[in-house]
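Trainee: Using only what follows, build the 3D model:
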Amino acid sequence: MNTETNKVFAYRFNQALTEHGWNLSDLARRVGVTPQAAQKWAKGISIPRGLKLKSLAEVTGKPEHWYFMQPDTDDPEVMAQLGIPKKLDVTEEALLAIFNQLPEAEKLRLIIHAKGVLKELEELKDDVGDLIKNLNR
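Mentor: Have a look, this model is predicted:
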């Protein structure tokens, strides 16, 4: 199995643990595996197969395929944890389409320029913050 599958499985496995209020030892006992095996499942190091997966599904009341389904969330932290790339919005897609048409030298120049603009905005924000602090004294 690939790493993304293991991460998704681990996320779902931990979700099932939380829903039932079980710890790893509780679940290991119910499924009939060692706590070390359950710990590997929780970390995404390995995943159960065959009878162990069937037993896990039975014990938790979740279908086997549920453990391999990506979560129904747009939470950026969860998506990053699982290694699922963020979907681009319309503006980001348009910007990327334009950027990809530029020659390499222009791409680098644009990146440097954008970093400079961000730095200037950050400095401006700090200056405004300082002015507000001074006015409130």
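
Trainee: by contact count, what packs against the helix ranked longest in the chain?
Mentor: Determined from DSSP state H, the single longest helix within the chain is helix 104-135. Counting contacts by 3 or more C-beta pairs under 8 Å, 6 or more residues apart in numbering; DSSP states H and E, helix 104-135 packs against no other helix or strand. Every residue, glycine included, has its C-beta placed from N, CA and C.

Trainee: Quick one: mean pLDDT over it.
Mentor: The average pLDDT for helix 104-135 rounds to 94.

Trainee: quick one: pLDDT of residue 73?
Mentor: So, for residue 73, pLDDT stands at 63.

Trainee: tell me the domain boundaries of the chain?
Mentor: Domain assignment for the chain, taken from automatic domain parsing, gives 3-82, 90-135.

Trainee: Please state the offset of stretch 42-60 from the chain centre?
Mentor: Offset of stretch 42-60 from its chain centre (C-alpha atoms, centre = their mean, to the nearest Å): 21 Å.

Trainee: circling back to that earlier point, give me whichever of the domains of the chain is most buried.
Mentor: Ranked by mean neighbour count, the domains of the chain are led by domain 3-82 with a mean of 15 (mean count of other C-beta atoms under 10 Å).
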